[in-house]
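*Asks:* what follows is a protein structure lacking sequence information:
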């Protein structure tokens, strides 16, 4: 009893030191608990991966070769450290040859894909920008608007739109879980075809032929501009996402008026008009031509959708222009389509802040109109001298007239077996 009384008196007399000690002790206990849980989690995943490494190979069979494109600048230069801690241990015990290539500049991943050495799979270790570059490089090499080479995704970037759909992420332990799941998906080789957007610039001779490919979204408007300014409010720490909308709501430099003519065609499940027969290359052997013809004719639909080529015209005026694929909507089983969500024509300050905060909490912003399309042309009104920007898979591109075509099921990506 005397000890308790003495302890209470000590806490009361030195309450500042006692408070600091309590906070430090709580932090230390939580850190130790989290560290232990992460180590146990990695042990489970490595043990499962090692079982695949024990599978014997035939005498004429080589181990799988995977090429990892690692962006060292992703997530404020934390990507390399996180890859080495949470991805490499799993991949290295699975009996595969792992070739890691680090990108050293913007656009480097695209160049590497255009000159890719033979490999069984390409693994993107980075964020949305790195994934878009890899897919752009591979699609530019393709003659059929499809990529047969499987692609893996390790969500190590600051923005991981598709990665967070395939491998949901949360706090630090859940993030480790997400990276481990992504690594194990590469080992298990469970593939899922995803849609790709083909984006071509119109009315610009310098950029014609420079096609961009994306898998997530195209954004334009005040919310896009505000999200691009988040890093300017870094001194607010974890509250900077919310502070962005408070301090951006009165900025005239944001794209409050997105006015454009759009021409679009409706979604199609696949008919004779939009599914082209495969092209056969001269370098194929003579017997492969017969085999390819026999198997590929079943993939070309014989039905004709009379509305497939019908073009619809519309003039839009909005403060929030968001075009997304079914990949990021989380429903891979629906008819492949582009979904254009148009926000209100005008916003007051309080609506802008409240709707922005909703999006930060994972909720949907107010949508005035939604349009489904297979192909869409966006022709913005003549702009003043102020620069305006699209976000294509969270990468900035200058606003120009563009044609966006959906390429259904064009890329094979590794995912968990539960993804349908």
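*Replies:* Sure thing, it's come through. Computed from a predicted structure; not experimentally measured.
*Asks:* what average pLDDT does the longest strand along the chain get?
*Replies:* Determined from DSSP state E, the single longest strand within the chain is strand 402-414. Mean per-residue pLDDT for strand 402-414: 94.
*Asks:* name every strand pairing with that strand and say which way it goes.
*Replies:* Using DSSP bridges, strand 402-414 pairs in its sheet with strand 147-155 (parallel), strand 191-201 (antiparallel), strand 375-380 (antiparallel).
*Asks:* got the buried residues for it?
*Replies:* 402-408, 410-414 (16 or more other C-beta atoms under 10 Å). C-betas here are computed from N, CA, C, even on glycine.
*Asks:* check stretch 158-166 too.
*Replies:* The neighbour-count check on stretch 158-166 (16+ other C-beta under 10 Å) flags 158-163, 165-166 as buried.
*Asks:* for residue 75, what are phi and psi?
*Replies:* phi 50, psi 50 (degrees, to the nearest 10).
*Asks:* same question but for residue 308, I mixed them up
*Replies:* Per degrees, to the nearest 10, the backbone of residue 308 is at phi -60, psi -40.
*Asks:* pretty sure it is touching residue 265, no?
*Replies:* Yes: if you go by C-beta atoms under 8 Å, residue 308 and residue 265 touch, sitting 6.8 Å apart.
*Asks:* now do the shared contacts for the two.
*Replies:* Any residue near both residue 308 and residue 265 by C-beta atoms under 8 Å, 6 or more residues apart in numbering counts here, and that gives residue 374.
*Asks:* can you pull out the strands in the stretch 151-300 of the chain?
*Replies:* Assigned by DSSP state E, counting those that start in this stretch, the stretch 151-300 of the chain shows strands spanning 191-201, 212-214, 217-221, 258-265.
*Asks:* how far off centre is the second one?
*Replies:* Counting by C-alpha atoms, centre = their mean, to the nearest Å, strand 212-214 is centred 12 Å from the centre of its parent chain.
*Asks:* buried deepest among the strands paired with strand 402-414, which one?
*Replies:* Mean neighbour count (mean count of other C-beta atoms under 10 Å) peaks for strand 147-155 among those, with a mean of 22.
*Asks:* now do that one: distance to the chain's middle.
*Replies:* Using C-alpha atoms, centre = their mean, the offset of strand 147-155 from its chain centre is 12 Å.
*Asks:* how about stretch 251-266?
*Replies:* With C-alpha atoms, centre = their mean, you get 23 Å for stretch 251-266.
*Asks:* do the same with stretch 68-85
*Replies:* For stretch 68-85, the distance to the chain centre is 16 Å (C-alpha atoms, centre = their mean).
*Asks:* do stretch 236-254 as well
*Replies:* The answer for stretch 236-254 is 24 Å, by C-alpha atoms, centre = their mean.
*Asks:* any buried residues in it, and which?
*Replies:* Residues of stretch 236-254 classed as buried: 240-241, 243-246, 248-249, 254 (neighbour count, 16+ other C-beta under 10 Å).
*Asks:* hmm, back to that, list just the nearest of the buried residues of stretch 158-166 to residue 142.
*Replies:* residue 162 (19.5 Å; C-beta to C-beta).
*Asks:* surely the closest one is in contact with residue 128?
*Replies:* Yes: in this structure, residue 162 is within contact of residue 128 by C-beta under 8 Å, at 7.4 Å.
*Asks:* name the residues contacting each of the two.
*Replies:* Joint contacts of residue 162 and residue 128 (C-beta under 8 Å, 6+ apart) are residue 216.
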